[in-house]
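**Q** Have a look; sequence and predicted model below, questions after that.
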Amino acid sequence: MPDVDTAPTHDWNGDSGTRWAANLARLDVMLEEFGKAAIAAANARPGEQILDIGCGSGTSTFPLAERLGPDGYVLGVDISEQLVEIARAAAPAGAPVEFRCADAASAPLPAGSFDLLFSRFGVMFFDDPVAAFTHMRRALKPGGRLAFVCWRGAQENDWVRLPMAAIRDIVEPIPADPTAPGPFAFGDRQRLADILAAAGFTAIDIAPFDTSISYGRGATREKAVDDALDMAFQVGPLARALADQPDDVREKAAIAVRAAFAKRPGETSVLIDGAAWIVTARN
Ligand SMILES: C[S@@+](CC[C@H](N)C(=O)[O-])C[C@H]1O[C@@H](n2cnc3c(N)ncnc32)[C@H](O)[C@@H]1O
């Protein structure tokens, strides 16, 4: 067994993308407040040209486009063919949006053409983040803006902290490199600031954003806890930790994780703590 798990954990044009697509409605509920905060920080204005990085199904692309008027334009780029197809199908008629299936770290982008690079949780998966952000910054106009939301550390986010602590004695944890590409790659504020500075950004601002996440919903408290359990088993670090485990281990894990979620407040939802960075910078 390796000392540190260095295997790629996300296959966005495969299993991760399929799981995201299958859980889209509840992931959008979970991420809604974070997306609103990032869009407010981005302050998109009529007529602007925007690149939405790792746009997924377009959940952030469409509200950005609404702020732009007929002369604006949002290009959503995502590496998952499946999610790009969903985004294209969901685009309101006449909306100034376009979607491209590509790796944002290397996709040909017109130099100096965007006013804003935006992302809702789509920028933490680059193998070489400095190279990726340098590449994307070149597509910004001089003085153009960067605005995105990403997770803080795993220990501050209940959607991973609670289930992973609950299975600690059931499945032997493999220590993960906290800086490896993945949801928590930018948990360390100084590392994130260094990456953006090395990529050539200035006026870097990294502000904490904390909110209560509605993780799991149902007509009754019992159903909401069941829904939270199902979600944790389908998407995220718990799903990956249990993927190759036998049924008896998965059953034990389900009991422990259910008990952990049941301790959280909420009537028809399970309310857990979520912690993100709202990041802004300039070219
Ligand atoms: C956590 S999901 C967020 C999706 C969407 N922004 C949202 O908030 O619903 C991360 C997204 O980043 C995309 N992604 C990961 N690496 C990428 C890359 N190198 N280039 C483009 N998209 C990427 C994934 O396919 C996935 O859709």
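**A** All right, it came through fine.
**Q** could you say which helix or strand contains T211?
**A** Following DSSP states H and E, one finds T211 within strand 202-217.
**Q** Contacts made by the helix or strand following that strand with the rest, please.
**A** Toward the C-terminal end, the helix or strand that comes next after strand 202-217 (DSSP H and E) is helix 221-234. Contacts with helix 221-234, where a contact means Cβ atoms under 8 Å, 6 or more residues apart in numbering, come from 19, 22-23, 26, 159, 163, 215-218, 238-239, 242, 250, 254, 257-258, 261-262, 266-270. In short, each C-beta sits where N, CA and C put it, glycine included.
**Q** cutoff 7 Å now
**A** Residues outside helix 221-234 that contact it (Cβ atoms under 7 Å, 6 or more residues apart in numbering): 19, 23, 26, 163, 215-218, 238-239, 242, 254, 257-258, 261-262, 266-270.
**Q** Of those residues, grab the buried ones for PyMOL.
**A** Here is the PyMOL command that selects the buried residues among those (16 or more other Cβ atoms under 10 Å):
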select buried, resi 19+23+26+163+215+216+217+218+238+239+242+254+257+258+261+266+269+270
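**Q** Give me the subset of the contacts of helix 221-234 that lies in helices.
**A** Assigned to helices by DSSP state H, the following of these qualify: 19, 26, 163, 238-239, 242, 254, 257-258, 261-262.
**Q** Quick check: of these, which lies closest to the ligand?
**A** When these are compared for distance to the ligand (Cβ to the nearest ligand atom), R19 comes out closest, at 10.5 Å.
**Q** Not counting sequence-adjacent ones, nearest residue to the residue in the stretch 151-283 of the chain that the ligand sits nearest to?
**A** Closest contact between the stretch 151-283 of the chain and the ligand, by Cβ to the nearest ligand atom, is at P183 (6.8 Å). Nearest non-adjacent residue to P183, counting by Cβ to Cβ, 6 or more residues apart in numbering: W151, 5.1 Å away.
**Q** Isn't the one you found up against V279?
**A** No. Under the criterion of Cβ atoms under 7 Å, W151 lies out of contact with V279, with a separation of 11.4 Å.
**Q** And those two? Which one has more around it.
**A** It is V279, of W151 and V279, that has more neighbours when counted by other Cβ atoms under 10 Å, with 25 against 22.
**Q** can you pull the contacts of the spatially closest residue to G200 that is not a sequence neighbour?
**A** Residue nearest to G200 in three dimensions, not counting chain neighbours: R137, with 5.3 Å by Cβ to Cβ, 6+ apart. R137 is in contact with 199-201, 283, counting by Cβ under 7 Å, 6+ apart.
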